[in-house]
Each structure stands twice: as C-alpha cells, then as structure tokens.
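J.: below is the structure, and that's it, no one-letter string:
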C-alpha cells in the first residue's frame, strides 16, 4: 500500500523519462528550482554525490602531479576577445557585469563561461623557461552560460565543474596530457559511476571554441539519446599566441607553449540518475552514494534490544561505509524501505527481534528487492563490503550490456537515418569528413555526430559514396 | 651569501609590515595579482592552505550534523531588497549583472555578496513543521563585494568562504548554534592556525546588516592592529519575516523560524602569514602547511647512496606527513634551505654522506635554525611527528604571549586614546553603550570597537562617566 503511494508520485520511467527524471530529483531532494531563472539549488543529498566525484578525481589529479588553484570569477571583455574563435563561441552566452555598486564599469566583466582568457595572462607571467613546464593546474568552481532551455543538472545557466588548464613544452606532451585526463575521466565514469562510454574525438563542428581538437566521452541514456560526459581539449598554440605565453626552450629559442583544457561537470550527477534509476526512484552506485547502507530496525518498539543492537551495528559499519540508521519512530519499516529505495541507497540492513535471536541481520540489495539475505552478525561488515562491490559490478554490467545493445554500425544511409531518428543509440557511419555530408545527416535526423573513435576505417562515406576516412557515431543527444 | 640574497628581496618585517606582507606572498607563490581590479589569483601553494582549513572545518561540520549544498551565484535585486537593513548594508558594494548574452535582463541580478536572500526563499519552501528543524546547511563558494582599496587575502573584491545558514525552532537553539560555531572557529584559529583570539560580541554599530547581534573572533597582527577572523550572526526572526519562513510548531500554531549565518574567509590565510612570518619569509603552522617536511639530500653528487636513501625517507615520511623531496640538481643545499625557509616549511630533514654513515639524519625546525638535531634514521618518522607537534605548540605559545602582552584594560580616557592611536593592541575600556561615546573614541583614535567579551563590568564609562554596562576592546583594525 505504501509502496504504491510512492509509485503514484513518480511517473513510470519508460513512459516519460523527462517527467520521471524531474520527479525523482525533486522527491529524492537532490535538487530544487531556484528563484533565478535557469539556476538550480543543489541540495545536500545531490551535492554529496558531486563531492564523492570530487574526492575521487582530486586523488587522481594529485597522483598525476596536478595542483589546485583559484582564478577570478570575472573575465574582462577585452581578454575574452583575444582569441577569435573562443569569443565567437562564448560571447552569445555570457552574463555581463556592468556595474559595481553605483558605479558603471569602464569595461564590462564576463562572469566566466570558462577560464582560458583569465588564466592565460597569468601563465604568461609565470612561465619563463622550459624548466617552468609543464604547468598542471585546475580549479573547482562554477561557470555561467546563459541558456534558454534548462534542466536540473543536465543544462543549467550556472553549473559546477573543475577546469584543468595545462601548458607544455611540446605538442606531443600536450596531447599526452589530453589523453591522460581522458583516461581518468573514463575510469571515473566506468569504475565509480558505472557508466560505460564511447571515447574518441569530436568532429570539428562540435569541438571547443578555440581548440585544435576535442576528445570526448559519450554516454547513452535509457531513451537512446547520447550525453556528453566529459571533454579534454587540445588547444594547440592558439591561446598561447593570443595571450603571448612563451618560454625559452633548451635550444635557447623562444617558443609558444602548447596548452590543454578539460572538464567534467555536475551534469554527471544528472546522467547518473537517468542511467540507473527505475520506477521506484533513484539507484546510486555504491562508490558515490551519499548513503551506502541504511540500517532499519524492525519491531524495535516490542524489543528494545533491537534498537540497541541496530545502533551498534550502524556505528560499526560507519567505520568503513557511509551509513544511516533510520530509527525514526513515526514511520513504519515498510515506509522506510520505500523511502530509502526511492533515494537510491544501494543496500539495506534489516534487524528484527527474530534476527537478533538468531544472531543475524537481513541484507537487501536495491537491485534485488525480492532477495532477502540472512547474514550472521559476526562478519557482517566484510559481507556488506562484498555486497556493495557486487552491486557496483552488477550496475556496470547492466549498463555495459545496454550500451553494447545500442551501439551499431550500419552499411546503408537509409538505415542510418531511420535508426538515428528513432533514437536507437549510437549509430556508426563511415564518413568522408565533409561538412556537407555531416549536415545532411544532421538535417534529416535531428541527431549530431557525437564521437569519432580511434580506429582505421575502410570503405565509402555512407552519405556521398566517396572514400571514408573516419567512423563517426551519430545520435540524438541531450 | 645566498641567505642575504633572499633577505634583500623581502623587506624587514618590522620596518614595513605592509610591504613585507606583499613581498612574501608573491615570492612564496601564494598569490598573484590578476587582470581584474581587486581580484586575486590564489596560487596552488596558497590554495593548499585554504584546503587544509576546509578539510578541518568540514570534519567539524559533519561531526555537528551540518550538511553542504550549493545555492545560485546570483540574487535577483527584488530578493536582496526584502530585508531593509540587509540591502542597505550590501547594495553599495554589489556587482550587478544586467545582460545575459545580447539580451538586457528584466531584473538585475546581484553577484552574491552573501546568500541570505537567495537561501531564505528555499527554506520557506522546505520547512513546514517543527520536524523539519533545525536546518543546518552551509556552502563553500566565493562572494563579491566591490571594494575600493584591496590587499591580497585581507580585502579583495572576490573572496572565498563558507557561509552557514541555519534555521531553528527557538531563539535559544539559534543562539546555541551561533556559539557552537564560534567555538569551532576558535579552535580552528588556536589549534590549527596557532592564532589566539579575543571572543565576544560586536557592538551594534559593527554587526552584520540584518542581524540582531553578531559574535566575532578578533586576532592581533604584529603591528598592533586587529583583524576580524570570523563571525557568527544571530539573525533573530528578521529574515524569517522578510522571506516568510514559517513552521507549524508542536502546539499547532504557525511561527517564524529563528535563523543564523556564519563564515570564515580566505582572509585567514593572510592573517596567518602576517602573524607568523619573519624576515626570512613565511612560517606556516605544521597542521595547515602544504609542505610540512622538506627532505634535502646534501652532497648527493659525491655519494649516490645519499639520494637513494633520501628518496626512501621521503616516501616513508609521506605516509604520515605532507613531504617534499628537493632533489633538484641545479641548486645548492644552501639555496634550497633558504627557499624552503622562505616558503615557511616548518621542518627540514637534511641527509648527507656522513649522516648516512652514522645512520642518522639532521632535523632543523623553521623557528630554531641554529639548532641542528641529529636523529637516528630508525624511528625518524615518529620523531618528525613529535617535532611538528612541538613547533605547532611553540607557535601558539609565542602568539599567546604576544596577544597577552598587547591586551590591556585602562582606567583613564586619555590613556585609552593614546594607546589606541599608537596601535598598542586591544585596549579595553568600560562603556555605557551609547553611540556618542563610541563615536568620540573612534573619531579621536581612528580605532573601532572590536569585541565585547562576555563578562560583567563594574564602574563608569571611560568617556562620559555614566554607569558602564560593558567592557569593549578598541583597536585600529584591518
């Protein structure tokens, strides 16, 4: 009965993914709408997922010699204009500060849409010799891009990210940095978020404004639409020239540095929710779940020892896991089970008077609600650890199977058009590299070229029949 | 010889604290000026200190049941205007966004100077019943206040902080929250930053715009000037009324919540530098130093085993401490000693061929450069831990002695005026509470009332001779 009450409030996922998504986010208290158009409030339960992502990434960044810093929120308009493609790409979306107090500013300040234009002038000051290279710096912050249509996490006017900005002696080193970061992102997505991705380059039409090329990771949502999950940009010497960032090389000549930039954003939290949730609500992978284990005492009102033991158990589990003890008296166990399922807690531990007699507790995994596993209280902590790992593994396997089933290569243009239109996932087509062929496929399908994997291709362009030089996956996308 | 080179570049601290301060910050690469007036770049070495502060505070906040969230960067003008005193206090300093892309906004958006006005509307939505209370939320972010005269860390247009915003059922609970936070701040300052403080209330003239009262922590800089190190505001029901934040209480009547807000900022990093540095540069307390121990191999070019052992030692120490191995070949040991002293690393470990023979290393504490302590390599890790604790303790003791020597109570108005003018530290005067008396002392001294400690006072107001009702410490201030 209570279970149905929850289900009634959350639309069925397969009926309307978009409504389901918003309902789940609001009900699970991950996010809320704010009084500022297009900006969201990330509530503690949502922010905790982002913090888990931050913690893992920060450890990886430290391990690979990156350092964290903080650059100003504002970018003077003249700096934003230095790199021609960059300003064209971002200016239409910029929020402009024109007044400080009562005073009108002599020059408008952009609220950073990205920070290349405020960071490069600093690098120009800091870098003198090849000994100063590489510079491997990132910052965690929010950025602002004026969006017309927004959705919590997936597309908002303000969003949170880290942005890495590195400078190198050679093009090869800069490209290796891009790939190193790409691999960290891939592992974040697969190992932490249980989201397998297609990895490769963007076509030129989709690259970062000011980059020579952009690497991307693309995940697939349950409606067959792609979502860009992270990017790593090889900026060549474009920003170095625009901002005059030079160094004296070993051969005693002055050269421009080679730079990169890269980011993942709070969009990942939205993608995660969409990928793993179900009709009962959220389902969060154990490695990033704010609450990994909920301990629910059952019939504790009849048997006070139950509550006492549940408290001990929760304290014991807390040494290794993120644990919540739900000892609220005003709710029934059934109500609590449903609430924590809805909030996506991967593992529940139930403890009732009979369990206590038998020296056991009952484990129930979020993805195996029918299966109640009695487990001896001795050794429970290790068993919980194993179970969380198993859940994480199952989530990844399911996601891998889904991605594999929705990644196809086609040999026929008509088939490509149909599959992309129908949102059947990633549709791989051979492509000559011409914009006109790309545009035709875009126009006829509403899809876009998402990613060019690193592999040789033989055969003809599916659009024009000339020699193909790349495989490109098209999809409709968020 | 090399030591003198450093000294030449950093002015003597006692000659000109202000020039010393800027020179040290720049040279130690904690901070740099940015292309945006009044905004600084916090470089990795400076940011790492702030991160150490964040880590400690986050653990305390978690322990006390607080949660982290993220609210929008922007505050619509109409919301900022809701609380009358609040808008008067902050509007003159606000950076205004007037355009998004090419479009002029219908309503200006303030870049948040503080977030009460954007958070309270959310609390109005989230809080229904006494069961929803208390709400204990904070966020880590930057805020912007248009400043005319700025100084790195101490006063900048953009600065970083956390801001806590809590809502409670009763005034007593809200005040207890203010005091709980105040005590966390006091321990942060004393135990982590080795900065003892005076604690108490602000006089009304100095309280937060919109607060009923403000608690403050005040530290003393080496020039005898005070610096506000943290604040905790009891906001009463002012914001609850302005934003209509009500709850249904146990007695089934609707009531306004009681709220608090509180913060410490990156200003602490500046205060820390000023408090502990000396003519050789920075001196960072071990608990927040980005590098706690530097290992310097000596004459390793003659004896390769030295470098090998130094590496092992550094790896071993890294398991418990933040360690840097300085194995650069292009610099002499003497140059390295000076550099790491300048950067404030609290403890140096030297290892040369003779040390190696004798199975020892040499410890040199940043505040005891003359004292070289030979220590057996066996058990070195524990010894380093003890030494770091001892350094932390000495720093606090020195700071305590300085504060005690510069905190006086006076019985004579003329003496008070003289001491405040001469920047002799905190000058305690009995006060009737009248603004006119306060203003007279301000006008005659250039100082301000910093803090009213929680203690009973007997006697006459030093200004007007009427009955005093408070002791107030005056000082010139940053």
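T.: The structure has been received and is ready for your questions. Please read these numbers as outputs of a predicted model, since none were measured by experiment. Numbers count the residues shown, from 1 in each chain, chains lettered A, B, ... in the order given.
J.: for chain A, give me the ranges with low pLDDT.
T.: Along chain A, the model assigns pLDDT under 70 to residues A:1-8.
J.: all helices for the stretch 1-150 of chain A, in order.
T.: Along the stretch 1-150 of chain A, counting by DSSP state H, counting those that start in this stretch, helices occupy A:2-9, A:17-27, A:44-63, A:77-80, A:84-90, A:116-126.
J.: pull out the buried positions in stretch A:402-415.
T.: For stretch A:402-415, burial by neighbour count (16 or more other C-beta atoms under 10 Å in any protein chain shown) applies to A:402, A:403, A:406, A:407, A:410, A:413. Using the backbone N, CA and C atoms, a C-beta is placed for each residue, glycine as well.
J.: quick one: end-to-end distance for it.
T.: One end of stretch A:402-415 to the other measures 20 Å (C-alpha to C-alpha, to the nearest Å).
J.: beta partners for the residue nearest to residue A:95 when sequence neighbours are not counted?
T.: Leaving aside its sequence neighbours, residue A:95 sits nearest to residue A:111 (C-beta to C-beta, 6 or more residues apart in numbering or on different chains; 4.3 Å). On the basis of DSSP bridges, residue A:111 is bridged to residue A:74.
J.: relative to residue A:128, how far out is residue A:111?
T.: Separation of residue A:111 from residue A:128 (C-beta to C-beta, to the nearest Å): 31 Å.
J.: sorry, back to before: okay if I get the helices of the stretch 1-150 of chain A as CSV plus distance to chain B and mean neighbour count?
T.: Shown next, in CSV, are those (distance: least, C-beta to the nearest C-beta, whole Å; neighbours: other C-beta atoms under 10 Å in any protein chain shown):
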stretch, distance to chain B, mean neighbour count
helix A:2-9, 17, 13
helix A:17-27, 11, 19
helix A:44-63, 4, 18
helix A:77-80, 6, 18
helix A:84-90, 10, 17
helix A:116-126, 5, 22
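J.: what sits against residue A:225?
T.: By C-beta atoms under 8 Å, 6 or more residues apart in numbering or on different chains, the residues touching residue A:225 are A:423, A:475, A:476, A:477, A:478.
J.: please report which of the residues you listed has the highest neighbour count.
T.: Most neighbours among those, by other C-beta atoms under 10 Å in any protein chain shown: residue A:475, with 28 neighbours.
J.: if we ignore the residues flanking it in sequence, what's nearest that residue?
T.: In this structure, residue A:475 finds its nearest non-sequential neighbour in residue A:226, 3.9 Å apart by C-beta to C-beta, 6+ apart.
J.: I'd say the one you found and residue A:426 touch.
T.: Yes. With contact defined as C-beta atoms under 8 Å, residue A:226 and residue A:426 form a contacting pair (6.6 Å).
J.: from the contacts of residue A:225, pick the one nearest residue B:34.
T.: Nearest to residue B:34 among those: residue A:478, at 34.5 Å, using C-beta to C-beta.
J.: now that closest one. Nearest residue, chain neighbours left out?
T.: Nearest to residue A:478 is residue A:227, by C-beta to C-beta, 6+ apart, at 4.5 Å.
J.: which among the contacts of residue A:225 gets closest to chain B?
T.: Comparing the contacts of residue A:225 against chain B with C-beta to the nearest C-beta places residue A:478 closest, at 21.1 Å.
J.: contacts only, for the closest one.
T.: Neighbours of residue A:478 in contact, by C-beta under 8 Å, 6+ apart: A:154, A:155, A:221, A:225, A:226, A:227, A:228.
J.: centroid residue for chain A?
T.: residue A:268 (2.1 Å; C-alpha atoms, centre = their mean).
J.: picking up where we left off before, in strands, which of the buried residues of stretch A:402-415 appear?
T.: With DSSP state E as the criterion, strands contain residue A:407 from among these.
J.: which two of the buried residues of stretch A:402-415 have the greatest separation?
T.: Using C-beta to C-beta, the buried residues of stretch A:402-415 reach their maximum pairwise distance at A:402 and A:413, which is 26.0 Å.
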